[in-house]
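> Predicted model and sequence follow; I will ask about them next.
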Amino acid sequence: MNGAPSFYFGQDAEGYRAFRPQYPTALYEWLARAAPSRGLAWDCGTGSGQAAVGLAGCFERVVATDPDPRQLAMAPKRANIDYRLAAAEADLGLAGRVDLIACACSVHWFDLPAFYARAREALKPDGIIAVWTYDWPLTGSAPLDAALETLKNDILGPFWGENARYYFSGYAALPFPFEERPAPLFHSPIAASCEELMNFLSTWSAVRKYRARHGRDPLARIGMQVAHAWKASPPVSPVSVPLHMRCGSL
């Protein structure tokens, strides 16, 4: 599945960079404590570098890889981040050197057996791998959530890939052949306004597939409903999504 995100996300790399959520500092600090040392982290499927920048604040060096040059072009530069154009399954010459492999909302796109074999090669004997994702947002506002469910199921239903079962299960269904360790539940804010919520929704792969097939925006079909619901029954606080993490070692 490695070519799929390049098509769906790279064609709007600016939007992906602008509207995908940032991950909390506490997540990176927890990963740094869990890793055997803070020498080298590999951010696999970095996209436009959201996780790479966070990891760079906690690790001496970060190698951040992605198969799409359009995404990498949007990634913030840091002295200790080495961005590389590479598939998740590629040999980076990191055998036995990596303290942490991080996959932020990306591992469900990979050829999992090939990537996991590469991850086992790259990790130090006591290194860790952490993969996390969020799933479809819930706002706590019944009218808003009804509109979002309509979008997810009735409008975008045929456009979800087979990997959707992974992130919609909170990665519970994700094959993960490592010795697992418990991980905290973190949250990322995604929207403090109706506009921000719609911008976030625009970054989902099924939305892009719908546009490619029909030549129109599926979000327009619920735009008025979402706007009215937000005004009539706004969320009590900024909308956030839980980050479901699987963490393990060799």
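Perfect, I can see it now. Just so you know, these numbers come straight off a predicted model, no measurement behind them. Numbering: from 1, shown residues only.

> rest of the way, CA atoms for contacts and neighbours
Fine.

> give me every residue that touches the residue nearest the centre of the chain.
Nearest to the geometric centre of the chain sits Cys105, at 2.1 Å (CA atoms, centre = their mean). If you count contacts by CA atoms under 8 Å, 6 or more residues apart in numbering, Cys105 has them with Val131, Trp132, Thr133, Tyr134.

> With Arg181 instead?
Counting by CA under 8 Å, 6+ apart, Arg181 makes contact with Arg246, Cys247, Gly248, Ser249.

> State the distance from Gly157 to Pro177.
Distance of Gly157 to Pro177, computed by CA to CA, to the nearest Å: 30 Å.

> again with Tyr23
Taken as CA to CA, the span from Tyr23 to Pro177 is 25 Å.

> and what of Phe200?
The gap separating Phe200 from Pro177 is 31 Å, by CA to CA.

> who has more neighbours, these two?
Phe200 (19 against 13; other CA atoms under 10 Å).

> I'd say the more buried one and Trp136 touch.
No - here Phe200 does not reach Trp136: they are 10.6 Å apart, not a contact under CA atoms under 8 Å.

> Quick one: the helices in this protein, in order.
If you assign secondary structure with DSSP state H, the helices in the chain sit at 4-10, 13-19, 25-34, 50-56, 69-73, 112-122, 142-149, 164-168, 194-201, 205-214, 223-232.

> okay, those, which one's buried deepest?
Mean neighbours per residue, mean count of other CA atoms under 10 Å, is largest over these for helix 50-56, with a mean of 23.

> Check what contacts that one and list those residues.
17, 22-23, 25, 28, 41, 43, 46, 62-64, 75-76, 78, 80-81, 104.

> Could you tell me which of those count as buried?
Buried members of the contacts of helix 50-56, scored by 16 or more other CA atoms under 10 Å, are 17, 22-23, 28, 41, 43, 46, 62-64, 75, 80-81, 104.

> Filter the residues you listed down to the ones in strands?
Of the positions in the buried ones among the contacts of helix 50-56, Ala41, Asp43, Val62, Val63, Ala64, Ile81, Ala104 sit in strands, assigned by DSSP state E.

> Which member of the residues you listed is positioned nearest Gln225?
Nearest to Gln225, judged by CA to CA, of these is Ala104 at 31.1 Å.
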